[in-house]
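Chemist: Here is a sequence with its predicted model. Questions after.
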Amino acid sequence: MHNKENIKVLKFGGDCIKDSSHILKVVDIILSQKSFPIVVVSAIYGITDLLIEGIIKAKEKEVNVSTTISILTEKHYEIAQDSIVSDSVLQSTIKNIVLLIKKVERLLYGVSYTEEDTAAIRAYITSFGERLAAVILSGILEDKGIKSNIIETDKIGLVTDEQYENATVDLKEFKINFKPLAANILNDEAIPILTGFFGNAPDGKITTFGRNGSDYTAAVMAYGFEAPLLEIWKDIDGFMNADPKIIKEAEIIDHLSYFEVAELCYFGDRLLHPLTIEPIAGLGIPIHIKNIFNPESKGTIISPDEYIDEYIIKSIAYNPNIAMIRLHGSGIGYKKGIVTTIANALSEKNINIFATVSSQTCINLLIETKDADESYEILKSYKGNIIERIDFQKDIALIAVVGEGVLKRKGIFARVLGAVSDNRINIEMASAGASEVAIYLIISSEDVQDALKSIYKEFFG
């Protein structure tokens, strides 16, 4: 039996399994582990998008289904054929691929015939990307003489809420369900390959976790196994202190705290799923971001410990897809329950509020640009009485200046504001204190690059 102290959860994203050369590097990394590897795998790069597009096209024309299935088949056949030497293992792997793709085909024809495209159906169809990737990875390991077991995460008690495409795991329920299976896995010599990205609602229907959902799955598995370490493998070295597309001098960040990563993922840097930290926070499990092309690199270490470096600021992230809705009214800031009422009205339509900033006469809501028009229509029904006017602004962006110590070290907020204003950039709104590790700015979208460069120069030179 493998002890909990001698295991490690490894998650490999779609960018790690684009083709046979990528996936063979993944296999080398798995086989090089000194600890018992518990593997969580994403869909092959581009497959989730292909399935989503396939659902849309299936509704348009029945003939489109065969095109989607052809591309899906060709991609997986190609990787299997290029990666597996043994003819018998290859044929067995292709047989398993065919069985899964036949299910996808039937589901897409169902969408075409019924013209029904619900969140539950989309979640079920897109879950096959991870199932297919697990089959290929298992086949390659078998080809190298290594036994593995594919464990589909809708069959292990990974119970979620009913948000089919943006689900959250019921961690307590999962822990109870998973405990006996975890013991069986650790008693076995076979390497477990778990499908990322999805679980199931209480009624058994498939639910998914959204973009980068396999990160969240891996964190839930680390929680379930009480693993001492979670490694998330990418095709880059780790988090950077700015977007390298804008700041050419941007560098890898060696060390981040849980809180810093949570802020970066929530507001700007989508390197990890925003909920990745939540399952492991109580256990203090560290995360290492690693690069399959540079496995010896330290990458980024994420731990529960507060770590303040000389610069204070660790990273400058931004989100250009932000809109701001303003609710105006005399005394609106003092109206009891108004923010809760508004939040509930939007959450019923799965619209997320990034932040709220209130004054006596105005409540400002930060939401995604794609939700701005729908939010405006929903909130129009509340006009009259306390809400006198509603307007919104789309051409804005949010900048998050993140680092442990931003509130503890005097003058940091002033330096951020000064760096931006010295470049003659107007700040629509600024906030310090809402988070212990971040300062937020709202500016015009057209000023984002100049603002980022100004702040970066102020703190990193």
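Modeler: Nice, I can see it.
Chemist: buried stuff in stretch 179-195?
Modeler: Neighbour counts over stretch 179-195 (16 or more other Cβ atoms under 10 Å) mark 182, 185, 186, 191, 192, 193, 194, 195 as buried. No exception for glycine: its C-beta is placed from N, CA and C like everyone else's.
Chemist: Restricted to strands, list those.
Modeler: Members of those lying in strands (criterion: DSSP state E): 191, 192, 193, 194, 195.
Chemist: So which elements touch the helix-or-strand element of the chain with minimal mean pLDDT?
Modeler: Here the helix or strand of the chain ranked lowest by mean pLDDT, DSSP states H and E is strand 353-358, holding a mean of 82. Applying 3 or more Cβ pairs under 8 Å, 6 or more residues apart in numbering; DSSP states H and E, we find strand 353-358 packed against helix 338-347, strand 362-368, strand 427-432.
Chemist: closest to residue 154 out of these?
Modeler: Of all these, it is helix 338-347 that lies closest to residue 154, at 25.5 Å by Cβ to Cβ.
Chemist: same for that closest one, what does it pack against?
Modeler: Helices and strands touching helix 338-347, as assessed by 3+ Cβ pairs under 8 Å, 6+ apart, comprise strand 353-358, strand 362-368, helix 372-380.
Chemist: which of the ones you listed sits most buried?
Modeler: Mean neighbour count (mean count of other Cβ atoms under 10 Å) peaks for strand 362-368 among the helices and strands packed on helix 338-347, with a mean of 19.
Chemist: For that one, list the C-alpha coordinates in PDB.
Modeler: Output in PDB follows, covering the C-alpha atoms of strand 362-368 (Å, rounded to 0.1, in the frame of the first residue of the first chain):
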ATOM      1  CA  CYS A 362     -24.600  55.200  -6.300                       C
ATOM      2  CA  ILE A 363     -24.000  51.400  -6.400                       C
ATOM      3  CA  ASN A 364     -21.400  50.300  -8.900                       C
ATOM      4  CA  LEU A 365     -21.400  46.700 -10.100                       C
ATOM      5  CA  LEU A 366     -18.400  45.200 -11.900                       C
ATOM      6  CA  ILE A 367     -19.500  42.400 -14.300                       C
ATOM      7  CA  GLU A 368     -18.200  40.700 -17.400                       C
END
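Chemist: could we number from 474 for the rest of this?
Modeler: OK, 474 is where the count begins now, so the last one is strand 835-841.
Chemist: In this structure, what residue spans correspond to helices?
Modeler: Ranges of helices within the chain are 493-504, 520-533, 537-556, 560-587, 592-599, 601-616, 644-660, 686-698, 731-740, 751-754, 811-820, 845-853, 885-894, 921-933, based on DSSP state H.
Chemist: possible to save those helices as JSON lines with distance to residue 705 and mean pLDDT?
Modeler: Below are the helices of the chain laid out as JSON lines (distance: least, Cβ to Cβ, whole Å; pLDDT from 0 to 100):
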{"stretch": "helix 493-504", "distance to residue 705": "12", "mean pLDDT": "97"}
{"stretch": "helix 520-533", "distance to residue 705": "17", "mean pLDDT": "96"}
{"stretch": "helix 537-556", "distance to residue 705": "22", "mean pLDDT": "98"}
{"stretch": "helix 560-587", "distance to residue 705": "25", "mean pLDDT": "97"}
{"stretch": "helix 592-599", "distance to residue 705": "21", "mean pLDDT": "96"}
{"stretch": "helix 601-616", "distance to residue 705": "15", "mean pLDDT": "98"}
{"stretch": "helix 644-660", "distance to residue 705": "19", "mean pLDDT": "95"}
{"stretch": "helix 686-698", "distance to residue 705": "6", "mean pLDDT": "97"}
{"stretch": "helix 731-740", "distance to residue 705": "11", "mean pLDDT": "87"}
{"stretch": "helix 751-754", "distance to residue 705": "11", "mean pLDDT": "95"}
{"stretch": "helix 811-820", "distance to residue 705": "29", "mean pLDDT": "86"}
{"stretch": "helix 845-853", "distance to residue 705": "32", "mean pLDDT": "89"}
{"stretch": "helix 885-894", "distance to residue 705": "29", "mean pLDDT": "93"}
{"stretch": "helix 921-933", "distance to residue 705": "25", "mean pLDDT": "94"}
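Chemist: Tell me which of those helices is the most buried.
Modeler: Comparing those by mean neighbour count (mean count of other Cβ under 10 Å), helix 686-698 ranks first with a mean of 27.
Chemist: what angle sits between that one and helix 592-599?
Modeler: On the basis of axes from the mean of the first three to the mean of the last three Cα atoms, to 10 degrees, helix 686-698 is oriented at 90 degrees to helix 592-599.
Chemist: which one of the ones in strands among the buried residues of stretch 652-668 sits closest to residue 563?
Modeler: Among these, residue 666 lies closest to residue 563 (Cβ to Cβ), at 17.7 Å.
Chemist: so that closest one bridges to which residues?
Modeler: Counting by DSSP bridges, residue 666 forms beta bridges with residue 512, residue 623.
Chemist: ok, it touching residue 510?
Modeler: No - assessed by Cβ atoms under 8 Å, residue 666 is found out of contact with residue 510, at 9.5 Å.
Chemist: The residue lying closest to residue 919 once chain neighbours are set aside and residue 902: what is the separation?
Modeler: Computed as Cβ to Cβ, 6 or more residues apart in numbering, the closest residue to residue 919 that is not its neighbour in sequence is residue 868, at 7.3 Å. Separation of residue 868 from residue 902 (Cβ to Cβ, to the nearest Å): 14 Å.
Chemist: for the residue positioned nearest the centre of the chain, what are its contacts?
Modeler: By Cα atoms, centre = their mean, the mean C-alpha position of the chain lies nearest to residue 746, the distance being 2.2 Å. Counting by Cβ atoms under 8 Å, 6 or more residues apart in numbering, residue 746 makes contact with 682, 683, 684, 685, 686, 687, 688, 689, 738.
Chemist: Kindly indicate which of those lies nearest residue 491.
Modeler: When the contacts of residue 746 are compared for distance to residue 491 (Cβ to Cβ), residue 687 wins out at 14.9 Å.
Chemist: need the contact list for the closest one.
Modeler: Taking Cβ under 8 Å, 6+ apart, we find residue 687 in contact with 484, 486, 513, 514, 515, 603, 669, 670, 746.
Chemist: Neighbour-wise, which one of those leads?
Modeler: Within the contacts of residue 687, residue 514 tops the neighbour count with 33 neighbours, counted by other Cβ atoms under 10 Å.
Chemist: what's the nearest residue to it if we skip its chain neighbours?
Modeler: That would be residue 606: by Cβ to Cβ, 6+ apart, it lies 5.0 Å from residue 514.
Chemist: what's the burial count for residue 705?
Modeler: Neighbours of residue 705 (other Cβ under 10 Å): 28.
Chemist: now do residue 810
Modeler: 8.
Chemist: Next: residue 883.
Modeler: Burial measure for residue 883: 7 neighbouring residues, criterion other Cβ under 10 Å.
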